[in-house]
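1. Need coordinates for the below:
(2 chains)
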Amino acid sequence: MSKRLEVKDLINIGLFSVLGFVFMMIGSFLAMVPVLMPFVPLAQGILVGPVNMLYSTKIKKRGMVFIQSLLIALVYVAMGHGPWALLTAVIAGVIAEVILKSGGYTDVNKARLAFSIAPLCTIGNWLPIFISRNEYVKQMLEQGYNQEFIDKMLSVMPNWIIVVMAIGGIIGAYIGCSIGMAFLKKHFKKAGMEK
Amino acid sequence: MTIKLDFRTKLFMTIVLSYVMVLGNIQVKYFLQALIISVIPIVLLINTKHTRVAIIGMATLVFVYGADRFLMKLEYSPLVAILLILVMVVKKILPAFLMGKYTILTSNVGESIYSLKKMKCPDEIAIPLTVMVRFFYAARIDYSQIKKAMRLRGLTLKKLIKSPILLFEYRLVPLLMCLSKTADDLTVSAMTKGLAVNQKRTSISESRIGGIDCIFFVIMVWAIYLYIRGKYA
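-> Below is the predicted model of the structure:
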């Protein structure tokens, strides 16, 4: 089997990028209530984990996780979240690739670890808050959010919370992947889809 | 007469609309212009006879702008605040959403891959991107059918709301099965059409920028101009 990506792999990347993006989107609806903002990565991780575990059974080659996180970040950028997600997507993607590679693309536990890191590609969407808080507030006011919402949101977002959010994201994704592993055992192995 | 846009124009419009409407403050500063920009995708949808989507989009647009006006007059309370945020988010996302829908409805896979290749986009990005566009649509249809099938077996949202993990399982697992199968089918069909990674390929679809594309490019430049003026002046 060749090492380069083939059409089949690319189509799988496309499919799971869509699913990953959709579930992350559902998770981010939590932010409608401003106080819950820090829990968004956790929710996203739990939702996206099972999908990613099925994806991990299809990965046999280098680069698939990387392209997936890059594509998810690209969709976020195209939707107007600013370019920071690309940076975190590259970092998270590379780390996940390295972990997957160390497991030889077959080790389920390594895959779980890798996909605990990979969903962090969206953490970049929050980076502007921590880099230039005032700019961000100004921009949100201009966009038409009201002061109340911004105050409430920022009151639960001190600078250190990005670390908590990242860790929350990892824990959430780990839980999600564990659920995903149970699903794999219960359903997909029987259906013969896990090759 | 139906307007036939090039895929690149559609992609450009989708991105510009989402950037300008989501990040900008056009809705606050230039009400009329924002309305005009929001109507563009609806006009395009009517033009290509996707009347149902167009009507739903139009109704949502009218409702959202009306609701915004109505809510602004009410006194402040947490519920009103949440509703306002919801209305605003819809107001921002709707044009880009409709434009994206138009792009998905009117372009096929071959055409879009050909266009992206012409833009010197590497295959590793172009093929998954096109597949994504296709699956956004397929996932929704499959999901609604799964919901219907589950209702037949009595597994409705009402019954399962108490055990969210079960609900999650009964919805997600069939969806994943179904979509994986679709991905396999798509692979086979792509193979028979001679799609290979980073190799030259002829295409039956024409892809060139015509006069109409130029007009829409100008409109988009106008939107970008509004965005910049609203932000920095």
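
2. contact partners of the helix or strand bottoming out on mean pLDDT in chain B?
-> Every helix and strand of chain B was ranked by mean pLDDT, DSSP states H and E. The lowest is helix B:26-29, at a mean of 71. For helix B:26-29, contacts defined as C-beta atoms under 8 Å, 6 or more residues apart in numbering or on different chains pick out A:142-144, B:20-21, B:33-34, B:37, B:88, B:91-92, B:223, B:226-227, B:230. (Glycine included, C-beta is placed from N, CA and C.)

3. In CSV, list the C-alpha atoms belonging to stretch A:113-123.
-> Extracted C-alpha coordinates of stretch A:113-123, given in CSV (Å, rounded to 0.1, in the frame of the first residue of the first chain):
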residue,chain,number,x,y,z
LEU,A,113,-4.9,10.3,22.9
ALA,A,114,-4.3,11.9,19.5
PHE,A,115,-8.0,12.8,19.1
SER,A,116,-8.0,14.3,22.6
ILE,A,117,-5.6,16.8,21.2
ALA,A,118,-6.9,17.3,17.7
PRO,A,119,-10.2,19.1,18.6
LEU,A,120,-8.1,21.9,20.2
CYS,A,121,-7.8,23.3,16.7
THR,A,122,-10.7,25.6,17.5
ILE,A,123,-9.1,27.1,20.6
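
4. count of residues packed around B:Asp142?
-> By other C-beta atoms under 10 Å in any protein chain shown, 18 other residues sit near B:Asp142.

5. need the contact list for the residue of chain A found nearest chain B.
-> For chain A and chain B, the shortest gap (C-beta to the nearest C-beta) falls at A:Gly14, measuring 2.7 Å. Going by C-beta under 8 Å, 6+ apart, A:Gly14 touches A:71, B:127-132, B:134-135, B:183.

6. So which of those residues belong to strands?
-> Judged by DSSP state E, strands contain none of these.

7. Where is pLDDT lowest across the residues you listed?
-> Lowest-confidence member of the contacts of A:Gly14: B:Arg134, scoring 80 (pLDDT).

8. Give me the neighbour count for it.
-> 20.

9. per-residue pLDDT, the spatially closest residue to A:Gln68 that is not a sequence neighbour?
-> Distances taken as C-beta to C-beta, 6 or more residues apart in numbering or on different chains put A:Ser17 closest to A:Gln68, at 5.1 Å, once the chain neighbours are dropped. Here, the pLDDT recorded for A:Ser17 equals 90.

10. Which strand or helix spans the residue of chain A closest to chain B?
-> Using DSSP states H and E, A:Gly14 sits in helix A:7-28.

11. what do you get for A:Tyr174?
-> Secondary structure assignment for A:Tyr174, by DSSP H and E: helix A:161-183.

12. need the contact list for the spatially most central residue of chain A.
-> Note on chain A: the residue nearest the mean C-alpha position is A:Pro119, at 2.1 Å, using C-alpha atoms, centre = their mean. A:Pro119 makes contact with A:20, A:24, A:41, A:44-45, A:48-49, A:52, A:92, A:169, A:172-173, according to C-beta under 8 Å, 6+ apart.

13. any idea which helix or strand comes after the helix or strand that contains B:Ile85?
-> Secondary structure assignment for B:Ile85, by DSSP H and E: helix B:78-106. As assigned by DSSP H and E, the chain's next helix or strand after helix B:78-106 is helix B:109-118.

14. what pLDDT, on average, does that following helix get?
-> Helix B:109-118 comes out at a mean pLDDT of 81.

15. Only the buried residues of that helix, if you could.
-> B:109-117 (16 or more other C-beta atoms under 10 Å in any protein chain shown).

16. Not counting sequence-adjacent ones, nearest residue to B:Ala54?
-> B:Leu45 (4.0 Å).

17. what's the span of stretch A:116-129, first residue to last?
-> 24 Å (C-alpha to C-alpha, to the nearest Å).

18. and it, what's its mean pLDDT?
-> 84.

19. What of stretch A:20-29?
-> Mean predicted lDDT for stretch A:20-29 stands at 86.

20. And chain B, is it touching that?
-> Yes - using C-beta under 8 Å from any C-beta of the partner chain, stretch A:20-29 reaches chain B at A:21-22.

21. Buried residues of that stretch, list them for me.
-> A:20-25, A:27-28.

22. With stretch A:150-159 instead?
-> Neighbour-count burial for stretch A:150-159, with 16+ other C-beta under 10 Å as criterion, is recorded at A:150, A:152-154, A:157.
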